[in-house]
Structures are given as structure tokens and as C-alpha cells.
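# Please work out how this folds:
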Amino acid sequence: MIDEESCPFYVPPLVIKVAPLRLGKRLAREAAWYEGLRCMQGVSLARCFGYFRREVDQRKIVVAPWDPDCKFPRTEEDFDIFDLPHPSASLNVLLLERLGSPIDDVFSKEGVEESL
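Numbering: from 1, shown residues only. Down below sits the predicted model:
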């Protein structure tokens, strides 16, 4: 645990978006969007702290999702011999400032009733 009193800098609450190989282009486009609106970051948009891409050998390293329903390692029924782990897949990460609840939570029925 970091002592906030002795820390020389402030780290805001963060959102870490992680995308696998097949969704990496979507995250890269979002990062480009934030880059184009850099002058609005911290004013009317979340601050973007960077987009990072790294090759990962999925034969040696497993990046498991945070989904509690995800089962890993794969069961024999889920394993497809024609869809083997990729030796140079990309792992894409976008690091953003957290500003509040996801928009789905804001417009949920409970959220509307609470604001009335």
C-alpha cells in the first residue's frame, strides 16, 4: 500500500481497456480518437495516458479475462485443434482516467429513480 502523504505525485483512478488480437484495431482507433481530441482531455473528456501494444506468444503466456464466467484452462469440449494459440498474437491496452460509472449504470432504471 502506498502512503498518500509521502507519494510525490497523484495517480488518478484509472480504466484499463484490454483487447485481444481480434479487437485490437478497435482499441487503436479509440486511442487515435483520444489523440485527435487531446486539447479536450481533462476538461470534457477523460485523459488518455497511452495506447500500448505488445506481442504475446499465447503458447507460453496466458492472458485470462476478468470475466468470472470464463473457464480456463479450456475444457476438451471447448478446445479446437484448428484454432490453436497464436505464437505472435497482440495484446492491446488503452489506459484512461476514470471519470465515473459506466453510462449503462447512469441510465439504468434504478439510476433514473434515484435521481428523481
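# Residue 20 touches residue 89, doesn't it?
Yes: with contact defined as Cβ atoms under 8 Å, residue 20 counts as touching residue 89 (7.0 Å). (Glycine included, C-beta is placed from N, CA and C.)
# Where do the helices of the protein begin and end?
Ranges of helices in the chain, per DSSP state H, are 24-36, 103-106, 109-115.
# now residue 47, nearest residue through space, not along the chain?
residue 97 (4.2 Å; Cβ to Cβ, 6 or more residues apart in numbering).
# Who are the contact partners of the one you found?
Residue 97 makes contact with 12-15, 42, 46-49, according to Cβ atoms under 8 Å, 6 or more residues apart in numbering.
# Where do the strands of the chain begin and end?
14-19, 48-56, 89-97 (DSSP state E).
# So which of those strands has the densest surroundings on average?
Burial of these is given as mean neighbour count (mean count of other Cβ atoms under 10 Å); strand 89-97 ranks first at a mean of 18.
# so how many other residues sit close to residue 38?
Neighbour count of residue 38, defined by other Cβ atoms under 10 Å: 11.
# Report the separation between it and residue 56.
29 Å (Cβ to Cβ, to the nearest Å).
# likewise residue 25?
In this view, residue 25 and residue 56 are 17 Å apart by Cβ to Cβ.
# and the nearest residue to residue 51 once chain neighbours are set aside, what is it in contact with?
In space, and not counting its chain neighbours, residue 51 is closest to residue 31: 3.4 Å by Cβ to Cβ, 6+ apart. Contacts for residue 31 (Cβ under 8 Å, 6+ apart) come out as 48, 50-51, 94.
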